[in-house]
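In: when you get a sec, could you give me coordinates for this:
(chains A and B)
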Amino acid sequence: MTKPSIPLGLVFSRSGPYAMMGREMEKSALMAVEEVNQSEVFDFTFTPHLRDPGGVVPAYHAACEDLIRSEGVEHIVGCYTSASRKQVIPIVERTERLLWHPARYEGFESSDNVIYVGAAPNHTVVPLVRHMLEHIAIDVFCAGSNYVWTWETNRVLRELVASAGGRLLAERLLELGDTSVDHIVTEIIDRKPPAVFNTLVGESSYAFMRALHAASVRAEISIPMLSCSLCEPELEMIGPAASVGCITSSAYFESIDGAANRAFVTRWKARHGSDSHVSVDSQSTYVCIMLLARAIRRAGSSDVAAVRRAAANDPYESPQGPVWVDPDNNHCFLTPRLARSVDGCQFEIFWEADAPERPDPYLSNLDFDSLGAKPDKQRDATASWPTHLRVVK
Amino acid sequence: MTRPSPFSVRGRHALTIMRDERDLTILRRQLGRLGMSVTGTDPEALVVPSTGIDVIVLDADSIPIKSDSAPQLKTSVPVIALIGTETPSRLKWLLDLQPASFLIKPLRSAGLYTALVVAFDCAQRRSDEATHVEKLEDRIRARRVVFGAVLQLMRSHGLCEDDAFTLIRQTAMRHRTTVEQLSADIIALGGMPNRGRRTA
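Out: Here you go, the predicted model:
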């Protein structure tokens, strides 16, 4: 007997400015769909309907409208940038559909018609800045792409740094896709800041990391770099030397040492080649589809309201560890991690929270005053870590 | 005292004057996400406590235009108006309350944070402006006193008007007081006060 089929919209930009990430996420989505379809655990299959908006913001609205009207999908997995998600939200709200959003984002949103599977800002930027303040420096030089992710990340960074008595030494921005990084690199080499916070994305970031590495080698200096978006496939694109040593915050690294992740990476590499790498966003796309499939099974239907209810508080042992949807804000409980990029396009995890952390998209539970200490005060290096966090290495 | 940033809304308290259960549910949930507490009063009973409220969320359609309720809503607490009916008669009634920001019904989760930030910022600016206006009014009231002090110095020191005023201004700066206060002292003492040391 054939199982009933549920249409599923997949909206990823396989072309355009962030095509690399779009293709990685789509590969992961199709792998998850195939696993669901072959599994005996699920008494239904997904029929994927692929759309490629090409990274063009208005095309996301058109793609989703077409998926809803022509293919009758109730659930859409996709989007990467906040601009694309904000295009899609009005149509999923109006038609009462669910968008399953895999990518981390800057927060300050909570639509009833979006399940936010990527990390909230309390999962990414907050632990990274805490680490910087405790162990590296309280003054920092910022280089970023001129868009919402950088603006909001730097806003949080500035407040955290200020509460510790430090300051942003500079905030240098490049337009998306701009690779003319030399003036920023020159300024960094001249000023020798104690840390560089990198919120550049895509080619801008790769060019910056290569140029800063080359200039640092020439000048015989080493400046710690921090990022909350770098991932394994990008390390490969940056190149072997320049990609090493970046302190990165993420809920997922390919090197997570757990049975679920090892099996996942093995299946991924068997499917996409032994030299391929899983990124946080492709893993999160996989998690989206698994959370959706489990919720449909629990609800006994693909009806949006029933699936939303069923998805709430259902812990799924994902490759990144237990993940579940917080019904208070439709974001996910995730485990924050910090790692250092090393040879072989991998990250060496040196810290992780000992339990998944409640998502806080509005950072309403972040206490700036309690963070860090003034630089003139003697302090225990680990004193202001929350007690439920532990150092793993 | 550091003033609270309009962006940090946690711990603030909202009073709702609304009836629509669906809108109330969305509002309560979103305020909860933002770490705010909330109490409600029925539009008909309309009990507005005089303290402990940081913002009022008012469904503009819930109170009849021809009613005596509006005066109770004219407080220094910022009002966020929820707007359904966009008729000029309703908007005129609303403008009278000087809403700090507004949202269009039906509510969704998006928008409330913006409305709150705008409302808190607006309330802060209004309070700063009121303080500034009060200061300016004090100075206008003191104009006669300053004029009297200038006249006195012109006579006693044989100065022209410009030089007499400059002397008052510079002495006030040195004594770290205002031109108006020094002028009052000059008139009271019948001449320039002779201070041996600076006063803080």
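In: near the residue of the stretch 251-393 of chain A found nearest chain B, how many other residues are there?
Out: Relative to chain B, the nearest point of the stretch 251-393 of chain A is residue A:364 (3.8 Å; CB to the nearest CB). Yep, even glycine has a C-beta here, placed from its N, CA and C like the rest. As a burial measure, residue A:364 scores 17 neighbours (other CB atoms under 10 Å in any protein chain shown).
In: and whichever residue of chain B sits closest to chain A, what does it touch?
Out: Residue nearest to chain A within chain B (CB to the nearest CB): residue B:35, separated by 3.8 Å. When the contact criterion is CB atoms under 8 Å, 6 or more residues apart in numbering or on different chains, the partners of residue B:35 are A:362, A:364, A:365, B:9, B:10, B:11.
In: I'd assumed residue A:364 was in contact with the fifth one.
Out: Right, the one you point to is residue B:10. Yes. The criterion here is CB atoms under 8 Å, and residue B:10 meets it with residue A:364 at 4.8 Å.
In: tell me, what's touching those two both at once?
Out: Joint contacts of residue B:10 and residue A:364 (CB under 8 Å, 6+ apart) are B:34, B:35.
In: assign the residue of the stretch 251-393 of chain A closest to chain B to helix, strand or coil.
Out: For residue A:364, the secondary-structure state derived from DSSP: H, G, I helix; E, B strand; the rest coil is coil.
In: assign the residue lying closest to it once chain neighbours are set aside to helix, strand or coil.
Out: Sequence neighbours aside, residue B:35 is the residue nearest to residue A:364 in space, at 3.8 Å (criterion: CB to CB, 6 or more residues apart in numbering or on different chains). Classification of residue B:35 using three-state DSSP returns coil.
In: report pLDDT for residue B:35.
Out: pLDDT, residue B:35: 94.
In: one more: residue B:23?
Out: Looking at residue B:23, the pLDDT reads 92.
In: so what's the residue count around the nearest residue to it once chain neighbours are set aside?
Out: Leaving aside its chain neighbours, residue B:23 sits nearest to residue B:107 (4.8 Å; criterion: CB to CB, 6+ apart). Number of residues near residue B:107 (other CB under 10 Å) recorded here: 22.
In: OK, contacts around residue B:107?
Out: Taking CB under 8 Å, 6+ apart as the test, what residue B:107 contacts is B:22, B:23, B:26, B:27, B:82.
In: sec struct for it, please.
Out: coil.
In: next one: residue B:14
Out: Assignment for residue B:14 (three-state DSSP): strand.
In: give me the beta-bridge partners of it?
Out: Beta-bridge pairing for residue B:14 (DSSP bridges): residue B:38, residue B:55.
In: which pLDDT value goes with it?
Out: 97.
In: now the two most distant members of the contacts of residue B:107.
Out: Using CB to CB, those span at most 11.9 Å, a distance reached by B:22 and B:82.
In: neighbour-wise, which of these two wins?
Out: residue B:82 (24 against 10).
In: around chain B, pick out the residues from chain A.
Out: A:89, A:93, A:108-112, A:328-329, A:361-362, A:364-365 (CB under 8 Å from any CB of the partner chain).
In: which of these are buried, as a ChimeraX select command?
Out: In ChimeraX, this line selects whichever of these come out buried by 16 or more other CB atoms under 10 Å in any protein chain shown:
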select /A:89,93,108,109,110,111,112,329,361,362,364
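In: TSV for the residues of chain A next to chain B, including pLDDT and secondary structure?
Out: Formatted as TSV, the residues of chain A next to chain B follow (pLDDT from 0 to 100; DSSP: H, G, I helix; E, B strand; the rest coil):
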residue	pLDDT	secondary structure
A:89	95	helix
A:93	95	helix
A:108	93	coil
A:109	94	coil
A:110	94	coil
A:111	95	coil
A:112	94	coil
A:328	94	coil
A:329	95	coil
A:361	95	coil
A:362	94	coil
A:364	91	coil
A:365	90	coil
